[in-house]
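*Asks:* Here is a sequence with its predicted model. Questions after.
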Amino acid sequence: MKLTRLKVVGVDEFALIDIIVEAMGDRAQGEWVRLGPGDDAAVITPTSGFDQVASIDVLVPNVHFPAQAPAFLIGYRALMVSLSDIAAMGATPRYCIVALTLTEADVGDGSWLAQLSGGMAQAARDSGTYICGGNMTRGPLNIAVSAHGEVARGCEIRRSGGRPGDKIYVSGPLGGAGACLRQDMLLPVKVDAMNELQKAYYKPQARFDWQQGLSSASCAIDISDGLLQDLGHLTKASGCGARLIEEKIPLTTGASLADALNASDDYQLLFASEQPHPDAFHIGELCTEKGIWLNGNSIDTKGYKHFNA
């Protein structure tokens, strides 16, 4: 059996690392990253009295993004959707680690990789985090992003703290990414000329602007698999049910109620609290009856299924 390293004519893996680091610019090292890419491992400076929060996502072409989409948008989306889990815990983002498997076609002359890295770097800037290292090898294209943050010790927001009577909120309009998929708008797409539905899909925002608001939340989750399915995770973990009010569910312009309820990739925060949150959208209330109810009718919590054909 012949083993091959990642190499194409004129571009070897070490030259590719240089391309990535150059594209990362100011996002390769910073306030919390004392030593970034270029050594055997990164060195991170933790904050005293804080817990570390970590998550990882793997993105596969034509499952989590169109293979023919601009590399910049693929990179931006990959980093931001991974960071969304950190936001849902009420944590502050600190750094990400990225692992890639690439084909020779992906590598090419290095320009595709530079654009991918540039998209990740922009997402890191937009969210106030850094990309401190990673790994790459030859293989079918896959992108793995491990996102790390920190939260004051014992102050993380879990899925399991909801109580009957808590009001249910979302941090923003829903259904935009689902509508983009449903209306077959993923391609063609241009980085600097996207419509609102394409922006919802390719440039989701991890809602770190909601950290202060989440401090009074009893439970929270980011909406990655559809409102109903992710609300189902909250209610199951909290041992209660939920009653939703249809007319209060905020929709992205061009999206339908079905897009908001069942489609994936919104990456808004879904949380419950006994306190009012006037800057969020109040869409219902946790209740003692198990299940999810919409306008008084029981509703199935279907959404995105990771292992369905």
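*Replies:* It's in.
*Asks:* tell me which element residue 204 falls in.
*Replies:* Following DSSP states H and E, one finds residue 204 outside all helices and strands.
*Asks:* Not counting sequence-adjacent ones, nearest residue to it?
*Replies:* Nearest residue to residue 204 in three dimensions, chain neighbours excluded: residue 267, at 4.0 Å (CB to CB, 6 or more residues apart in numbering). C-beta: built from backbone N, CA, C; applies to glycine.
*Asks:* So that neighbour is in contact with residue 222, correct?
*Replies:* Yes: here residue 267 lies in contact with residue 222, judged by CB atoms under 8 Å, at a distance of 5.6 Å.
*Asks:* Now for these two: what residues contact both?
*Replies:* Overlap between the contact sets of residue 267 and residue 222, as judged by CB atoms under 8 Å, 6 or more residues apart in numbering, is given by 84, 206, 207.
*Asks:* pLDDT at the one residue sitting closest to the centre of the chain, what is it?
*Replies:* Central residue of the chain (CA atoms, centre = their mean): residue 81, 1.6 Å from the mean position. The predicted local distance difference test score for residue 81 is 97.
*Asks:* ok, it - contacts?
*Replies:* For residue 81, the contacting residues are 57, 59, 64, 204, 206, 224, 265, 267, by CB under 8 Å, 6+ apart.
*Asks:* Recalculate using a threshold of 10 Å.
*Replies:* For residue 81, the contacting residues are 57, 59, 64-65, 123, 145, 147, 204, 206, 222, 224, 265, 267, by CB atoms under 10 Å, 6 or more residues apart in numbering.
*Asks:* Which one of those residues is nearest to residue 258?
*Replies:* Using CB to CB, the shortest approach to residue 258 within the contacts of residue 81 belongs to residue 265, at 14.4 Å.
*Asks:* What does the closest one show for phi and psi?
*Replies:* For residue 265, the backbone dihedrals are phi 80, psi 20 (criterion: degrees, to the nearest 10).
*Asks:* That one and residue 77 touch, don't they?
*Replies:* Yes: taking CB atoms under 10 Å as the definition, residue 265 is a contact partner of residue 77 at 8.9 Å.
*Asks:* Name the residues contacting each of the two.
*Replies:* When contacts are counted by CB under 10 Å, 6+ apart, residue 265 and residue 77 have 64, 177, 201, 202, 204 as shared neighbours.
*Asks:* what about the first one, distance to residue 22?
*Replies:* When CB to CB, to the nearest Å is applied, the distance between residue 64 and residue 22 equals 26 Å.
*Asks:* Same question for residue 226.
*Replies:* Counting by CB to CB, the gap between residue 226 and residue 22 amounts to 39 Å.
*Asks:* Looking at these two, which has the bigger crowd around it?
*Replies:* residue 226 (26 against 12; other CB atoms under 10 Å).
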